[in-house]
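*Asks:* the sequence and its predicted three-dimensional model are supplied below.
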Number of protein chains: 4
Amino acid sequence: MTLTAEAPVRWRRRKEARPQELLDAALEVFVEKGFADARLDDIAKRAGVSKGTIYLYFESKQDVFEAMVRRLAEARFEVASALIHAHQGSAQQLLTDLIRLAGQFVREPPYSHFPRLIIAESRRFPELAAFCLRELIHKGMTLFGLVIAKGQETGEFRALPSLHMVRLAMAPIVFMAIFRSAFEPHDDQPFDVDGHIATHLDIFIRGLRAEGGPA
Amino acid sequence: MTLTAEAPVRWRRRKEARPQELLDAALEVFVEKGFADARLDDIAKRAGVSKGTIYLYFESKQDVFEAMVRRLAEARFEVASALIHAHQGSAQQLLTDLIRLAGQFVREPPYSHFPRLIIAESRRFPELAAFCLRELIHKGMTLFGLVIAKGQETGEFRALPSLHMVRLAMAPIVFMAIFRSAFEPHDDQPFDVDGHIATHLDIFIRGLRAEGGPA
Amino acid sequence: MTLTAEAPVRWRRRKEARPQELLDAALEVFVEKGFADARLDDIAKRAGVSKGTIYLYFESKQDVFEAMVRRLAEARFEVASALIHAHQGSAQQLLTDLIRLAGQFVREPPYSHFPRLIIAESRRFPELAAFCLRELIHKGMTLFGLVIAKGQETGEFRALPSLHMVRLAMAPIVFMAIFRSAFEPHDDQPFDVDGHIATHLDIFIRGLRAEGGPA
Amino acid sequence: MTLTAEAPVRWRRRKEARPQELLDAALEVFVEKGFADARLDDIAKRAGVSKGTIYLYFESKQDVFEAMVRRLAEARFEVASALIHAHQGSAQQLLTDLIRLAGQFVREPPYSHFPRLIIAESRRFPELAAFCLRELIHKGMTLFGLVIAKGQETGEFRALPSLHMVRLAMAPIVFMAIFRSAFEPHDDQPFDVDGHIATHLDIFIRGLRAEGGPA
DNA sequence: TATGAATGAGACTTCATTCAT
DNA sequence: TATGAATGAAGTCTCATTCAT
């Protein structure tokens, strides 16, 4: 309650915020340049600190990269997971919502470049690739799998191999993210994200639907 | 029949084969390490020449990379194009064959890692990305577009936006290639390529089919 | 007896003890790592303070090193000097005691590593080397010189050049200290300190003794 | 015998000579600055090459240091060993010659600074210390041991513990080398090398001599 | 007095590129 | 055409030192 009490707080806040600020800057630079061409100097400059400061919070350039990926990946997944577990309605509707949500994730930069970045560096960071597979992809597939299973139980969906159905539900979203990140700057016309997702839903869910199902 | 007579022949043959041998070696190394981590020393060693020799045939490391991509890309596309133009049968069958052919292209290493590699380096090589978009993707999409249009004319396929249909036909193949290249080493079980393609065809073509169409 | 009454006392005590505590910590770290590889962070941590605190008491890393050496050197020398001046007995006995005392100085770590450390950094710290030469070595040699002179006066010792005799009396002790510090960790068997000194005395004093002398 | 035949030879000679030239330059710089303060730039400049060239021949700065020490150490030891094995005469004379030879080794810079340098870096280079102990010191001690044993067999020398006798024979030489390297620049008068060795021989051999021996 | 976050100069090391042979 | 020794620019990382608190 004294006036002096807050000064150290502000200072401490800074210290705690630093890693996040650095990772925000790192995201921008890595997305823009890729791992190899990203300069620690650039990251530091964007975070408003000197290069040496990075090493107060991270062990190495690789460490920065991995921390950045993990933070974003986990954040995204938590949002997805929460929304999904709260859902109520038909399996068809749920799948639609899920696919649309996934589409949201890869709409705006810099996040829209994330899948390309992870793919690009998957060989250089085998552990990170394993992490993404385990913590993002497998978990995401599990969620999709629940929806697919539900639809099969209710008779909404056909009895196709679940694993393939899950991947085929996700594939156009991933494809879109990667395609846009890699090629949109060189394409004549912008990628019609909404149309792409809508058509995917149209074709995919129709192709999935059991002939004499409830819908 | 003299000893010296044959030497120049072998020599000349060698000389013409050099760039190809170098690009073969480059393919292996770039696929394995990515552009930044690939060493010209490694490429030279695998091609059985010295590092300096590379500069007799290519301007720079970037030049080697681009030449390698262009050569492979064009070769793949020519095969695809030829097979497609020779095709006869229903649009549905043609689309099936096309998708299966695309699946063939990304089955075996080192070619199976090609899409990931291009995606990975798309920011570093804007021109190369533009080239791939123009010479590979757009041309491939044109071919797919022809098939889709034919199916719509015959009433086999629904009247959805063609561009999206084309992309959605290709997306699972591209997804599969990239997924395997990036994550299969870390996955518990191997990717079921045939099952994936079969299920894609099953769902996609059913989702595409006009209700009262001829099939 | 109030709680606040004692605090400043402890505080002031602390304050005065700080430099000593820092130098103790510095001794350990410098001995372990050498000057270049010693980290001020380590020294601070061992002294239980933060790195910045070092700069309240010392100008620089070099300053810490020099202060540490000077403190230990002077302390050692005072002990030696005091003991020597109080001595009574034959020159032979005095020389024996002196050599044994010097041997004591380099027996236990971390002091046992001191000669090696000073030698190692003598080029980086010319002033410190000069200081050690002046305040340690020359003074020590003066003491030895007194004993030698006394022995020559009494006829116990031969009339050899005094300077060489002094150095030859000390050399095996210095040699032992440096040898142990540098090589004992890699040697099969431990260095027999007592045997070394005893044999030195046996040979050296016999070699020094005048043929028809009083002993 | 052709004119062109020699050109590549000269060129190859260069390549073969490079490591030696680099190690010569390294010796000077390391002796002058110590390991930590030695700059690869300096070494390169003195060898007349660029910094990168060092890495064509050595793995790292440490590698350069170790190679330099090994080369010199082995060269010195081979000379000593050869001379010793060829010797004929009394044990007393042999010991005298041996000690004088050792004195020669540490007379002139930059070699005269070698013992100090090895001692100084013994903690940073444990393997190198082990190497020096094994290949230099132990072998040297073995040679001295042969001489001592011979003198004891002939009855020239007293029956003292051989290990100590050997070390005590060497100690003044090592002491002298280290003392000069560390302190001579700060001393008023130059170190009388010959006098030191002569007096050592005088005292040590007399102290070693058996009372009723043949000499 | 004490802290510890921040700095920034400087070193080692890598490797694409060059060029004398 | 082919070599491979040599280059030198550039980047990551370290750590003594500073300074706001």
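*Replies:* Happy to help now that I have it.

*Asks:* A:Leu27 contacts A:Leu72, correct?
*Replies:* Yes - the criterion here is C-beta atoms under 8 Å, and A:Leu27 meets it with A:Leu72 at 6.9 Å. Where you see a C-beta, it was placed from the backbone N, CA and C, and this is true even at glycine.

*Asks:* comparing those two, which residue is more hemmed in?
*Replies:* Set A:Leu27 next to A:Leu72 and count neighbours by other C-beta atoms under 10 Å in any protein chain shown: A:Leu27 wins out with 23 against 19.

*Asks:* quick one: that one from A:Arg39, how far?
*Replies:* 15 Å (C-beta to C-beta, to the nearest Å).

*Asks:* taking chain A, what residue is nearest to chain D?
*Replies:* A:Ser60 (18.7 Å; C-beta to the nearest C-beta).

*Asks:* and that residue, how many neighbours?
*Replies:* 11.

*Asks:* how far off centre is stretch A:17-33?
*Replies:* Centroid separation for stretch A:17-33 versus its chain: 16 Å, with C-alpha atoms, centre = their mean, to the nearest Å.

*Asks:* give me the number of residues near the closest residue to A:Tyr57 other than its chain neighbours?
*Replies:* In this structure, A:Tyr57 finds its nearest non-sequential neighbour in A:Pro19, 4.7 Å apart by C-beta to C-beta, 6 or more residues apart in numbering or on different chains. For A:Pro19, the tally of surrounding residues (other C-beta under 10 Å) stands at 18.

*Asks:* ramachandran angles for A:Pro19?
*Replies:* phi -60, psi -40 (degrees, to the nearest 10).

*Asks:* could you measure from A:Asp42 over to D:Val147?
*Replies:* Using C-beta to C-beta, we find A:Asp42 at a distance of 68 Å from D:Val147.

*Asks:* which of those two has more neighbours?
*Replies:* Neighbours around A:Asp42 and D:Val147, counted as other C-beta under 10 Å, are more numerous at D:Val147. The numbers are 24 against 18.

*Asks:* could you list the low-confidence segments of chain A?
*Replies:* For chain A, the stretches with pLDDT under 70 are A:1-15, A:213-215.

*Asks:* domain parsing for it?
*Replies:* With domains defined by automatic domain parsing, chain A comprises A:1-58, A:62-208.

*Asks:* now do the end-to-end distance for the longest one.
*Replies:* Taking C-alpha to C-alpha, to the nearest Å as the measure, domain A:62-208 stretches 42 Å from start to finish.

*Asks:* hmm, the helix or strand encompassing A:Thr53 in reach of DNA strand E?
*Replies:* Per DSSP states H and E, A:Thr53 falls inside helix A:51-57. Yes - using C-beta under 7 Å from any atom of the strand, helix A:51-57 reaches DNA strand E at A:51-53, A:55-56.

*Asks:* mind giving me the packing neighbours of that helix?
*Replies:* Under the contact definition 3 or more C-beta pairs under 8 Å, 6 or more residues apart in numbering or on different chains; DSSP states H and E, helix A:51-57 sits against helix A:6-37, helix A:40-47.

*Asks:* that one near DNA strand F at all?
*Replies:* Yes - using C-beta under 7 Å from any atom of the strand, helix A:51-57 reaches DNA strand F at A:51-52, A:55.

*Asks:* tell me the one of the residues you listed nearest chain C?
*Replies:* Closest to chain C, out of all of the residues of helix A:51-57 next to DNA strand F and judged by C-beta to the nearest C-beta, is A:Tyr55, at 13.0 Å.

*Asks:* show me where chain A has its helices.
*Replies:* For chain A, the helices defined by DSSP state H cover A:6-37, A:40-47, A:51-57, A:61-85, A:91-105, A:114-120, A:126-132, A:139-153, A:162-183, A:193-208.

*Asks:* so which of these is the most packed in?
*Replies:* helix A:114-120 (a mean of 25; mean count of other C-beta atoms under 10 Å in any protein chain shown).

*Asks:* now whatever residue of chain A ends up closest to chain C. Nearest residue, chain neighbours left out?
*Replies:* At 12.1 Å from chain C, A:Leu56 is the closest residue in chain A, using C-beta to the nearest C-beta. Leaving out its chain neighbours, the residue that sits closest to A:Leu56 by C-beta to C-beta, 6+ apart is A:Arg18, at 7.8 Å.

*Asks:* any idea how far the one you found lies from D:Val193?
*Replies:* From A:Arg18 to D:Val193 the distance is 61 Å (C-beta to C-beta).

*Asks:* residues in contact with the closest residue to A:Gly89 other than its chain neighbours?
*Replies:* Leaving out its chain neighbours, the residue that sits closest to A:Gly89 by C-beta to C-beta, 6+ apart is A:Asp97, at 7.9 Å. Shown in contact with A:Asp97 (C-beta atoms under 8 Å, 6 or more residues apart in numbering or on different chains): A:83, A:87, A:89.

*Asks:* how about the first one: what's its closest non-neighbour residue?
*Replies:* Looking back up the chat, that one is A:Leu83. Nearest one to A:Leu83, counting by C-beta to C-beta, 6+ apart, is A:Leu101 at 6.1 Å.

*Asks:* please apply the same query to the second one.
*Replies:* In space, and not counting its chain neighbours, A:His87 is closest to A:Leu94: 5.3 Å by C-beta to C-beta, 6+ apart.

*Asks:* that neighbour contacts A:Phe144, correct?
*Replies:* No - if you go by C-beta under 8 Å, A:Leu94 and A:Phe144 don't touch, sitting 9.8 Å apart.

*Asks:* where's the residue of chain A found nearest DNA strand E relative to D:Ala26, distance?
*Replies:* Going by C-beta to the nearest atom of the strand, DNA strand E is nearest to A:Gly52 of chain A, at 1.9 Å. Separation of A:Gly52 from D:Ala26 (C-beta to C-beta): 30 Å.

*Asks:* what do you get for A:Thr53?
*Replies:* 35 Å.
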